[in-house]
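[1] Build the 3D model from these lines:
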Amino acid sequence: MRTLLSVAAAVALSCSTVPDTAMDTRPNILLIAVDDLRPELASFGASYIRSPNIDSLASTGRIFRNHYVQAPTCGASRYTLLTGRYGGASNGALFGRAAKLKDDLGSVPPSMPAWFRQHGYTTVSVGKVSHHPGGLGGEDWDDPLQQEMPNSWDRHLLPAGPWQHPRGWMHGLANGEIRVDAADMDVFQAKEGPDSIYPDGVSIDEALRQLDQLTSDSDKPFFLAVGILRPHLPFGAPSAYLEPYSDTELPPTPHPAKPEGRSTWHASGEFMKYNRWNRDPNTDADFALEVRKHYAACVTYADAQVGRLMERLERTAAENTIVILWGDHGWHLGEHAIWGKHALFEESLRSPLIISHGNIQNPGAPTDAMVETLDVFPTLCDLAGLPTPDFVHGVSLRPLLDNPASGGHPAIAYRREAQTIRTETHRLILHEDGYAELYDHTSDAKETKNIAAANASLVEQLTKQLQDRLDLLEL
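    Just a heads-up that it's a prediction; the model follows:
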């Protein structure tokens, strides 16, 4: 932990606030957050996935092939992205932070958008950026008196369209269908029509309007965060995005069996509560393939929304804009017999990260260095010439942007009842009662064979590394 914090302190000392007179030269920031996106993209090695727009972005930036999130659930993962800190493990983590802010403003560090706002940026959010699309609480997530991220955004927007309100938009299917009882909503769907018949089509329209407005104001740089909902459940996208996969051969699912013994496995409760036509993908191979193809269609639909954003940016402010594409966590498509994300396995915690800016060295070259979501906040400060605050828990990835062969660092993550540390060679999962899962990533078994009992010294070593970081947690 001391090494990590000392690096962050060095970065902070190396940055200085750009004078107001030079503010118009500071880079804009476009942050694209994609929900439930596995690193299953052509630019990450999955040639069977159609992701041309994300791949084009990747060709101009740095591909982080070993990026890990801090929690396998939306709210907690986004907490870390938006604060640069370890935090709560639940989807209500940001609302918990907001409650602390209300009680004592001085006790809670500013969020990432608040930090940029304090340093002269116009900050705008569209879509699902924090856990609640639009950032409000209440029964339908539209109560302006219940803010998820106070003092952070100049505008925090979610046009619900025919889905009536942000809660309806969040789990919406085609043409305004809202989830009331998940058992009555199909787990996947593909209807004919334009992008706008599904929720992202409407929110990206608003994001484009905001981008036009922000680029017309040349006196201030902008921080625009756009949250793309798909491929979040239910897997719904226009049928045009499913058609290319009709004859596509997908690779076999690796280690599809439920692990033996105690583990971080879960029963895929979110997925299983939807209407599945009495079919189970763990026992029905044809159905499993259908699910995977609908997920792929949603990825391609999300990719199209990225393309719309990048096409507009190219016409307006691309030369002076840092672009980050970030997946809020991974998603199991049958690995370990899980159809979901709430485990501490590799498939839940590894997600895509791409950073692109005009001066990147060797654009398009990937790095295999291990990095965390924690690192995004200090990296953006470094690239934008802002001081890096001393309260962030990550480090700048600037060295990896300059040289993809530079080193990374171990990654930790957590649920309420367990924490994990991932090194280049192993993953340790430590449960609250001391039970340990240890997996060797240099072996073909990966995370299917718990070797903790035979490797007590390594468990002890990794436990110490993990616990050195746990004092930063706000669980």
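[2] CA atoms for contacts and neighbours, from now on please.
    Noted.
[3] which stretches of the chain have low pLDDT?
    Low-confidence regions of the chain, defined by pLDDT under 70, span residues 1-24, 473-475.
[4] Mind doing that once more with 90?
    Segments of the chain classed as low confidence (criterion: pLDDT under 90) are 1-25, 88, 102-107, 216-219, 316-319, 358-359, 416, 468-475.
[5] so where do the helices sit in it?
    2-14, 52-60, 74-83, 93-103, 112-118, 166-170, 199-216, 239-242, 269-272, 285-316, 346-349, 376-384, 398-402, 456-470 (DSSP state H).
[6] residues of the fourth one that come out buried?
    The one in question is helix 93-103. Of all the residues in helix 93-103, those buried under the rule 16 or more other C-alpha atoms under 10 Å are A93, L94, F95, R97, A98, A99, L101.
[7] Same question for the second one.
    For helix 52-60, burial by neighbour count (16+ other C-alpha under 10 Å) applies to P52, N53, I54, D55, L57, A58, S59, T60.
[8] Pull that helix out as PDB, backbone CA atoms only.
    The C-alpha coordinates for helix 52-60 follow below in PDB (Å, rounded to 0.1, in the frame of the first residue of the first chain):
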ATOM      1  CA  PRO A  52     -16.000  -2.000 -35.500                       C
ATOM      2  CA  ASN A  53     -16.500   1.300 -33.700                       C
ATOM      3  CA  ILE A  54     -14.900   0.300 -30.400                       C
ATOM      4  CA  ASP A  55     -12.100  -1.400 -32.400                       C
ATOM      5  CA  SER A  56     -11.600   1.900 -34.400                       C
ATOM      6  CA  LEU A  57     -11.200   3.800 -31.100                       C
ATOM      7  CA  ALA A  58      -8.800   1.100 -29.800                       C
ATOM      8  CA  SER A  59      -6.700   1.600 -32.900                       C
ATOM      9  CA  THR A  60      -6.100   5.200 -31.800                       C
END
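[9] now the nearest residue to G407 once chain neighbours are set aside: how far from A71?
    Spatially, and ignoring its direct neighbours in sequence, G407 is nearest to A369 (5.7 Å; C-alpha to C-alpha, 6 or more residues apart in numbering). In this structure, A369 and A71 are 19 Å apart, going by C-alpha to C-alpha, to the nearest Å.
[10] roughly how far is stretch 62-74 from the heart of the chain?
    A distance of 7 Å separates the centroid of the chain from that of stretch 62-74, by C-alpha atoms, centre = their mean, to the nearest Å.
[11] give the contact list for the residue nearest to the spatial centre of the chain.
    Residue closest to the average C-alpha location in the chain (C-alpha atoms, centre = their mean): D328, at 1.6 Å. Shown here is D328, whose contacts under the criterion C-alpha atoms under 8 Å, 6 or more residues apart in numbering are A33, V34, D35, D36, L37, V69, T73, C74, S77, R78, S351.
[12] Distance of the third one relative to D390?
    What it means is D35. Note on D35: its distance to D390, by C-alpha to C-alpha, is 29 Å.
[13] if we can go back for a sec, dump the contacts of D328 into TSV; add neighbour count and distance to L386 as well.
    Compiled in TSV, the contacts of D328 are given as follows (neighbours: other C-alpha atoms under 10 Å; distance: C-alpha to C-alpha, whole Å):
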residue	neighbour count	distance to L386
A33	25	22
V34	27	26
D35	25	28
D36	27	30
L37	28	30
V69	29	24
T73	27	30
C74	25	27
S77	31	24
R78	27	22
S351	27	27
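[14] Strands - which of those residues land there?
    Within the contacts of D328, residues falling in strands by DSSP state E are A33, V34.
[15] Tabulate the contacts of D328 in a markdown table, adding columns for distance to A365.
    Listed next are those as a markdown table, based on distance: C-alpha to C-alpha, whole Å:
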| residue | distance to A365 |
| --- | --- |
| A33 | 21 |
| V34 | 22 |
| D35 | 24 |
| D36 | 24 |
| L37 | 21 |
| V69 | 22 |
| T73 | 29 |
| C74 | 29 |
| S77 | 26 |
| R78 | 27 |
| S351 | 17 |
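[16] and which of the contacts of D328 is nearest T300?
    Nearest to T300, judged by C-alpha to C-alpha, of the contacts of D328 is L37 at 10.9 Å.
[17] wait, the closest one sits on L353?
    No: applying C-alpha atoms under 8 Å as the test, L37 and L353 come out as separate, 10.3 Å apart.
[18] what touches both of the two?
    Common neighbours of L37 and L353 are listed as G327 (criterion: C-alpha under 8 Å, 6+ apart).
[19] For K273, see how far away W331 is.
    For W331, the distance to K273 equals 17 Å [C-alpha to C-alpha].
[20] who's in contact with H441?
    Applying C-alpha under 8 Å, 6+ apart, we find H441 in contact with E424, T425, H426, R427, E447.
[21] er, P259 actually
    W265, H336, T448.
[22] Can you report how many residues neighbour the closest residue to the first one other than its chain neighbours?
    Spatial nearest neighbour of W265, chain neighbours left out: A343 (5.9 Å); criterion: C-alpha to C-alpha, 6+ apart. Taking other C-alpha atoms under 10 Å as the criterion, the count of residues near A343 is 26.
[23] again with F44
    With neighbours defined by other C-alpha under 10 Å, the count for F44 comes to 17.
[24] Next, work out how far apart the residue lying closest to R427 once chain neighbours are set aside and T423 are.
    Taking C-alpha to C-alpha, 6+ apart as the measure, R427 lies nearest to Y439, with 5.2 Å between them; neighbours along the chain are not counted. When C-alpha to C-alpha is the yardstick, Y439 and T423 sit 10 Å from each other.
[25] So between these two, which is more surrounded?
    The residue with more neighbours, out of Y439 and T423 and counting by other C-alpha under 10 Å, is Y439; that gives 22 against 16.
[26] doesn't N455 make contact with that one?
    No: Y439 lies out of contact with N455 (C-alpha under 8 Å); the separation is 10.3 Å.
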